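Trainee: Here is a sequence with its predicted model. Questions after.
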Amino acid sequence: GESVGLHLPTLSVQEGDNSIINCAYSNSASDYFIWYKQESGKGPQFIIDIRSNMDKRQGQRVTVLLNKTVKHLSLQIAATQPGDSAVYFCAPRAGNMLTFGGGTRLMVKP
Amino acid sequence: DAGVIQSPRHEVTEMGQEVTLRCKPISGHDYLFWYRQTMMRGLELLIYFNNNVPIDDSGMPEDRFSAKMPNASFSTLKIQPSEPRDSAVYFCASRRSGTSNQPQHFGDGTRLSIL
């Protein structure tokens, strides 16, 4: 079955630095990938997505990179801010269903 | 625009009681998903609907759990009887179908505590 693993359960960065959050997935049928941000007491919030026919997509301060060969994607956050502190999930989709890994906690030090 | 709306935000009840969680999806979204989140198991998909019809309920833990979607703007997740191990945060999410990929949008969840 599908498994999604995150390399770094907790990432601590200095305010203003760039953050990189990694995600490995196992289902080669995954054709669409979403990154979510979850703050305490709230639901997962959509950040950025990428289709399997792309290898890079940029948003405002965020970039997602997809390497289908090794089934890996990453979320890069530029100039990390205290408001970026949260748990981040990657969610590969196969069919209509998303699979969520355990998440990575990003802590931003002032 | 209103997002996915869930109620109640918090529910504390004694084991054995019936619990009903409610969800209003985003208008125009024809897919609705129910998830459960715990520290041990993370986010798990319980069931999802398309056009008010349950499509996949393989994630529903057992017969004590049931979900309905009587119309496009309302869904319920019911637990009867509830047990302490059902304590978790329950999320509802919705998305629209279409030719392009569409992300799921989540509500802020119901934090359920069964004593």
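Mentor: Ah, there it is.
Trainee: Buried residues in stretch B:22-38, which are they?
Mentor: B:22-26, B:29, B:31-37 (16 or more other C-beta atoms under 10 Å in any protein chain shown). Glycine gets a C-beta too; all of them are placed from N, C-alpha and C.
Trainee: Quick one: end-to-end length of that stretch, please.
Mentor: One end of stretch B:22-38 to the other measures 19 Å (C-alpha to C-alpha, to the nearest Å).
Trainee: What residues does chain A have near chain B?
Mentor: Residues of chain A lying near chain B by C-beta under 8 Å from any C-beta of the partner chain: A:32, A:34, A:36, A:41-46, A:49, A:51, A:89, A:93, A:96-98, A:100-103.
Trainee: Within reach of chain A, which of the buried residues of stretch B:22-38 are there?
Mentor: B:Tyr31.
Trainee: Name the nearest residue to A:Gly16, ignoring sequence neighbours.
Mentor: A:Ala79 (5.8 Å; C-beta to C-beta, 6 or more residues apart in numbering or on different chains).
Trainee: List the contacts of the one you found.
Mentor: A:Gly16, A:Asp17, A:Asn18, A:Arg61 (C-beta atoms under 8 Å, 6 or more residues apart in numbering or on different chains).
Trainee: Let's verify the residue nearest the centre of chain B: helix, strand, or coil?
Mentor: For chain B, the residue nearest the mean C-alpha position is B:Trp34 (3.0 Å; C-alpha atoms, centre = their mean). What DSSP: H, G, I helix; E, B strand; the rest coil gives for B:Trp34 is strand.
Trainee: I figured it hits B:Ser94, correct?
Mentor: No: using C-beta atoms under 8 Å as the test, B:Trp34 is too far from B:Ser94 to be in contact (10.5 Å).
Trainee: Next up, the contacts around B:Gln102.
Mentor: B:Arg95, B:Arg96.
Trainee: Which of the helices or strands spans it?
Mentor: Counting by DSSP states H and E, no helix or strand carries B:Gln102.
Trainee: Model confidence at the closest residue to chain A within chain B, what's the number?
Mentor: At 3.5 Å from chain A, B:Phe106 is the closest residue in chain B, using C-beta to the nearest C-beta. B:Phe106 is assigned 97 on the pLDDT scale.
Trainee: got the phi/psi numbers for it?
Mentor: phi -100, psi 150 (degrees, to the nearest 10).
Trainee: and if you look at A:Pro82?
Mentor: According to degrees, to the nearest 10, A:Pro82 has phi -50, psi -30.
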